[in-house]
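A.B. asks: predicted structure and sequence below. I'll ask about it afterward.
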2 protein chains.
Amino acid sequence: MSTLRSFLTTVTRFLKNNVFAPFTPQWWKSRVLSKIPFIGRGAKKQALPDTDAQTAPVAPQAPTVVRQYEEHPSTAYMELKYNFRDVGRMQAISETLGRDFLTAMPEGAWKSRLGQIAFLHRRIHEDITSTRMSDLIERAKSHQSNHPDDWDEWDTANLREMDTMHSHYKPVSPDLIEKRARMSYEGRRQHRDCLSAGDWPAAREYLTRVIDLNKQIAEAKCQACNTNSPYEALMDEYMPGIKLSDVESWFGTMEKRLSTLLPEILERQKQTEPPKDMHDFYPAKAQMWLNQAMLSAIGFDFQRGGLYETGHNPVEGGTPEDTRLVIKNVDIHNFMDSLKSALHEGGHGIYIQGLPRTTWRYQPVAQDMGAAVHESQALIIEMIMARTRAFYSYISPRVEGLFHGLQNPTLSADNMHKNKIWVQPTTQRKSADEVTYFLHVLHRFKLERDLINGKLKVADLPDAWNAGMRDLLGIEPDSVKDGCLQDVHWFVGKFGYFPSYAIGHMLAAQLYQTMRKDEGSDLFEHIAQGNFMPVTSWMREKIHKKGRLLQFDDLVTEATGKKLSPKPLIAHLESRYLKDNALISA
Amino acid sequence: MSTLRSFLTTVTRFLKNNVFAPFTPQWWKSRVLSKIPFIGRGAKKQALPDTDAQTAPVAPQAPTVVRQYEEHPSTAYMELKYNFRDVGRMQAISETLGRDFLTAMPEGAWKSRLGQIAFLHRRIHEDITSTRMSDLIERAKSHQSNHPDDWDEWDTANLREMDTMHSHYKPVSPDLIEKRARMSYEGRRQHRDCLSAGDWPAAREYLTRVIDLNKQIAEAKCQACNTNSPYEALMDEYMPGIKLSDVESWFGTMEKRLSTLLPEILERQKQTEPPKDMHDFYPAKAQMWLNQAMLSAIGFDFQRGGLYETGHNPVEGGTPEDTRLVIKNVDIHNFMDSLKSALHEGGHGIYIQGLPRTTWRYQPVAQDMGAAVHESQALIIEMIMARTRAFYSYISPRVEGLFHGLQNPTLSADNMHKNKIWVQPTTQRKSADEVTYFLHVLHRFKLERDLINGKLKVADLPDAWNAGMRDLLGIEPDSVKDGCLQDVHWFVGKFGYFPSYAIGHMLAAQLYQTMRKDEGSDLFEHIAQGNFMPVTSWMREKIHKKGRLLQFDDLVTEATGKKLSPKPLIAHLESRYLKDNALISA
């Protein structure tokens, strides 16, 4: 029966979606035969070809199957697909409201906008946790166990993600969700104001509220979702599939290696002339042109996105059709800073734009993999590619023209590259070099874990901050502005996010290692010519177009042949910063 | 009992909201005593003072009472207030999505954006028409008839508007609402494309779909809401409280008078030199600066709004905290055109910003009065004030400086003024003079009424258009671009909207007549000095801050002492265009 149903379903889908498709043998095999168990035996594991027609290597002329709307024998699952489409629409609307908040909204609208955003998130919560939704998920899961052949790997993953969203929202009350959504934007204003005034008492009062709220959420989830600690419950929202114990083990390895690697690098660096200071006057418009042009070059599609400035801190995100990236207002004395920011956000952007949009659009399986993978995509561009010598070979002559500085020695490829790979402990995470960056993240990770677990009181944060900086980097900030107020994350309630920068860096290094093997030595020649597509295409294939088809460990293993480990990052840092030719090559 | 309850309610409200308020005798009288029937006898008719603290003349130090959240003895009504707040939030979100669509959204996002907007309107429909909402409205109405003393005029009006919204949404299916919401933005793109290509076949096909949809909506509402015709049912959405028979009667009077007035004006005009042509080069940025500066001068608050350009047709609307006005990209050869557009939208804008925001915010009673009153606010600025000689006395020296044309005769106050009051039949409504403007509206009104009533087929529209133009204005467009494709309204499904331009013009003239009496002859001296606040303040008091407290006839009668009539507009046109000094004075 199940086989017959499966066959009939396949024929129906086929007639419905592909009636004009070319009947190539490959097409038959991949779209029809492989789905019929008694013919396509063994094909199940390798399963369906990717249905994202944009990049699918097989049957390029077949029309895109909009899997979001494709009929499925489980009526419960069909209804779930429609319901989650609407949840996805609300999330997309919330993204637009957020972009508008940062870039275009009149100042006087901020309070009512907070109310609108909070309301929308309450609605999302109500929709996802409704009894109807619980019932549908149970029915779909039961259909899946009774008729496994009706569920290909995408449908299976989609239902798994629906179930996860449902079970993660369920234990948290709509009130908490509403308050958190409000804080996620109110915090941007609070941070902006506290930071510019260096106002620790105001920050303390506000952070106390944020932390209380996050503790409540964390405790509710910790009990219901079986995580080992409230902090892990928060971390899990940003990095599903990564355990706190793994993070502690990876970070322990990193910290240990850096404790000797950093002094060694600094010692070695003493034998070299420091780079020439690049501060000068770089008109804001020209900087934004360069930033936009470079985003185009790395494959960002401006038909479906853009790059904007904001007076607030930037925010990741957007949707595949509307990926508006936001960087902080450019500093007219430092184009390298805005370029770095644009490339970082651009890495996020091409990930978002590469998600399986045309097929699965608003479905949970079409989401990104969370913060760790997201940061890996940003950091492989910003931290890794944009610190190669090849990258500055391409950039240097262009900026000489753009900023009217022919033969200006500060704009030489060597000097720009040296600026980027010069290691120098600093109090600011955002201007940290690639080697000490990890220590900034480690520092914040320890503090936020203790804030949530209650070991650290908010009132003691500035002292704890300074003590940690002394321990890890041997320097100390002059003020809270330069210390514990520098980041927006805690103000917007992002506790559990910071580790993703370091994990993203580790993953970026691991992906980079594999990509270099796959692409060969030509890679740097391409980059020096301004052709970044080999990098972007590799990532699209291995990461972007998979959405949430795989879980974290499987995604990393499929892409790199092994689970995530700190070794590739350590090897990368050793190679880039300790090899003899470190200061003039990749 | 009712008196006791009323007294207790009053004391509770008092303690809750005003515990720190200064206990001035005036304050006691207005906020407490007047609400106790056996003390404040007779005070009920003159009722509560306006609670909008921004402009309330009494008790300026009393805190603003946020009536939206104020406790009320009817628990059903309290729940309704919360529910309609959320409906209002969704409408506000939809406005933001719409602004973004026109001004900032990347082109590639348009399809998914249509889906989001349509979804949101479906949700609004579902919320308003839920059985829970029906039940609450019935319960609140029953509370109101049993305890009339608990219901002041604002609560009464608020419940009436809730009931109206509910009964107008109810007969229309959510599918139709969703489709219409989608069309309201899809139509902007369709119009832009059909107009630029002059593509009548594509327009015909699209308009057929729009008209079919509107007919279905009109028929559903006509039956359920007891209007006299499907067209009237549509008209009622834009102009609640105005009957088709009234419109036909007013328009008949206007048409009759214009049939002799227009030739007389044209004949008289022959004795004068025509104005000097003002086409020249006016940089776009300078134009936008002027437009924004003039909006500030008329009292538009840029803290809660802004003025933007779009490649699409502009759209009215926004919310009191976020009134982003949109005009079509400026024509660098014609600053008078963009100024006119900005002033028109500015009139809409100050109306929206003047609604009872701090007290009633998202409640139905805080809405504007619909299109006729809205257009009156736009047209009194654009058509009436910005055609006075005094206005150009103020503008002239400033634009001489702005556009680098000292003593440029085309920029003289006389020449600018003459350009504005020169009467010249034209095929384009948007560039029509103040006298022939009515005929353009009349023309469209007749056509759209027949399109909805089925007397006119879409295929026959271009011929009917041209015939009407010949009849009414004695001229004929060269092409559909210049004819029936010129307006966006029908493409976005706005059938029943056009009459509001002429009714708004009539109302503007009637308000202007009263305002001139109230303000005296100083008014034009103020305007010549760039002080437009007497006009804006008068409108705020008489129109803006009332929201939907009154119904149309009552609002007009309270403001002007009589019901709406075409006489003041006719008198205004006669005075401005026939008096001896017509071409050099107001």
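C.D. replies: Yes, it's here. Source: prediction; values computed, not measured.

A.B. asks: could you identify the longest helix within chain A?
C.D. replies: helix A:75-103 (DSSP state H).

A.B. asks: do that helix and chain B meet?
C.D. replies: Yes: interface with chain B: helix A:75-103 contributes A:86, A:89, A:92-93, A:96-97, A:99-100, A:103 (CB under 8 Å from any CB of the partner chain). C-beta coordinates here come from the backbone N, C-alpha and C atoms, glycine included.

A.B. asks: tell me the least confident of the residues you listed?
C.D. replies: Sorting those by pLDDT puts A:Thr103 at the bottom of the list (87).

A.B. asks: next, count neighbours for it.
C.D. replies: Close neighbours of A:Thr103, defined as other CB atoms under 10 Å in any protein chain shown, add up to 17.

A.B. asks: show the contacting residues for it.
C.D. replies: With contact taken as CB atoms under 8 Å, 6 or more residues apart in numbering or on different chains, A:Thr103 is in contact with A:308-310, A:324, A:326, B:104.

A.B. asks: tell me the secondary structure for the spatially most central residue of chain A?
C.D. replies: By CA atoms, centre = their mean, the mean C-alpha position of chain A lies nearest to A:His374, the distance being 1.7 Å. Using DSSP: H, G, I helix; E, B strand; the rest coil, the secondary structure recorded for A:His374 is helix.

A.B. asks: that one and chain B, how far apart?
C.D. replies: 20 Å (CB to the nearest CB, to the nearest Å).

A.B. asks: for chain A, what spans make up the strands?
C.D. replies: Secondary structure of chain A by DSSP state E: the strands cover A:305-310, A:323-328.

A.B. asks: give the buried residues for the last one.
C.D. replies: This points to strand A:323-328. A:323-327 (16 or more other CB atoms under 10 Å in any protein chain shown).

A.B. asks: one more: stretch A:513-522?
C.D. replies: A:513-515.

A.B. asks: among those, name the ones in helices.
C.D. replies: A:513-515.

A.B. asks: of these, closest to A:Leu523?
C.D. replies: A:Met515 (7.5 Å; CB to CB).

A.B. asks: which residues sit in contact with the closest one?
C.D. replies: A:523, A:535, A:538-539.

A.B. asks: please repeat the previous calculation with a cut-off of 7 Å.
C.D. replies: A:535, A:538 (CB atoms under 7 Å, 6 or more residues apart in numbering or on different chains).

A.B. asks: give me the pLDDT for it.
C.D. replies: pLDDT, read off for A:Met515, is 96.

A.B. asks: and the gap between it and chain B?
C.D. replies: Counting by CB to the nearest CB, the gap from A:Met515 to chain B is 28 Å.

A.B. asks: the residue lying closest to A:Phe524 once chain neighbours are set aside: how many residues sit nearby?
C.D. replies: Among residues not flanking A:Phe524 along the chain, A:Ala390 sits closest, at 4.1 Å (CB to CB, 6 or more residues apart in numbering or on different chains). Per other CB under 10 Å, the neighbour tally for A:Ala390 reads 20.

A.B. asks: surely A:Ala390 meets A:Ile527?
C.D. replies: Yes: shown here, A:Ala390 and A:Ile527 form a contact pair, counting by CB atoms under 7 Å, at 4.1 Å.

A.B. asks: now stretch A:397-404, how far from the chain's geometric center?
C.D. replies: Distance of stretch A:397-404 from the chain centroid (CA atoms, centre = their mean, to the nearest Å) equals 31 Å.

A.B. asks: and if you look at stretch A:260-269?
C.D. replies: 30 Å.

A.B. asks: show the average pLDDT along that stretch.
C.D. replies: 95.

A.B. asks: buried ones in it?
C.D. replies: A:261-262, A:265, A:269.

A.B. asks: now do A:Ala140, the pLDDT please.
C.D. replies: 98.

A.B. asks: likewise for A:Glu519?
C.D. replies: pLDDT, A:Glu519: 88.

A.B. asks: equivalent analysis for the one 3 residues further on, please.
C.D. replies: pLDDT, the model's per-residue confidence, is 89 for A:Asp522.

A.B. asks: against B:Asp163, how distant is it?
C.D. replies: Using CB to CB, to the nearest Å, we find A:Asp522 at a distance of 72 Å from B:Asp163.

A.B. asks: who's in contact with A:Pro566?
C.D. replies: A:250, A:253-254, A:506 are the contacts of A:Pro566 under CB under 7 Å, 6+ apart.

A.B. asks: ugh, wrong one, I meant A:Glu219
C.D. replies: Neighbouring residues of A:Glu219 by CB under 7 Å, 6+ apart: A:Pro230.

A.B. asks: relative to chain B, how far out is the residue lying closest to A:Ser393 once chain neighbours are set aside?
C.D. replies: Once flanking residues are discounted, A:Ser393 sits nearest to A:Ala528: 4.3 Å by CB to CB, 6+ apart. Distance, A:Ala528 to chain B, by CB to the nearest CB: 30 Å.

A.B. asks: how about A:Ala528, what does it touch?
C.D. replies: By CB under 7 Å, 6+ apart, the neighbours of A:Ala528 are A:390, A:393-394.

A.B. asks: flag every residue of the stretch 1-150 of chain A that's near chain B.
C.D. replies: A:86, A:89, A:92-93, A:96-97, A:100, A:104-109, A:112, A:115-116, A:119-120 (CB under 7 Å from any CB of the partner chain).

A.B. asks: only the buried subset of the residues you listed, as a PyMOL command please.
C.D. replies: A single PyMOL command is used to select the members of the residues of the stretch 1-150 of chain A next to chain B judged buried by 16+ other CB under 10 Å:
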select buried, chain A and resi 86+89+92+93+96+97+100+104+105+106+108+109+112+115+116+119+120
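
A.B. asks: make CSV from the contacts of A:Ala528 and add pLDDT to it.
C.D. replies: Listed next are the contacts of A:Ala528 as CSV, based on pLDDT from 0 to 100:
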residue, pLDDT
A:Ala390, 96
A:Ser393, 97
A:Tyr394, 97
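
A.B. asks: of the residues you listed, which is the nearest to chain B?
C.D. replies: A:Tyr394 (26.3 Å; CB to the nearest CB).

A.B. asks: now that closest one: closest residue in space, sequence neighbours ignored.
C.D. replies: A:Tyr394's closest residue in space is A:Gly530 (CB to CB, 6+ apart), at 4.6 Å.

A.B. asks: one step back: in a markdown table: the contacts of A:Ala528, plus distance to A:Leu207.
C.D. replies: Output for the contacts of A:Ala528, formatted as a markdown table (distance: CB to CB, whole Å):
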| residue | distance to A:Leu207 |
| --- | --- |
| A:Ala390 | 43 |
| A:Ser393 | 45 |
| A:Tyr394 | 43 |
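
A.B. asks: from these, which ones fall inside helices?
C.D. replies: A:390, A:393-394.

A.B. asks: out of these, the closest to A:His440 would be?
C.D. replies: Closest approach to A:His440 among those (CB to CB): A:Ala390, at 26.9 Å.
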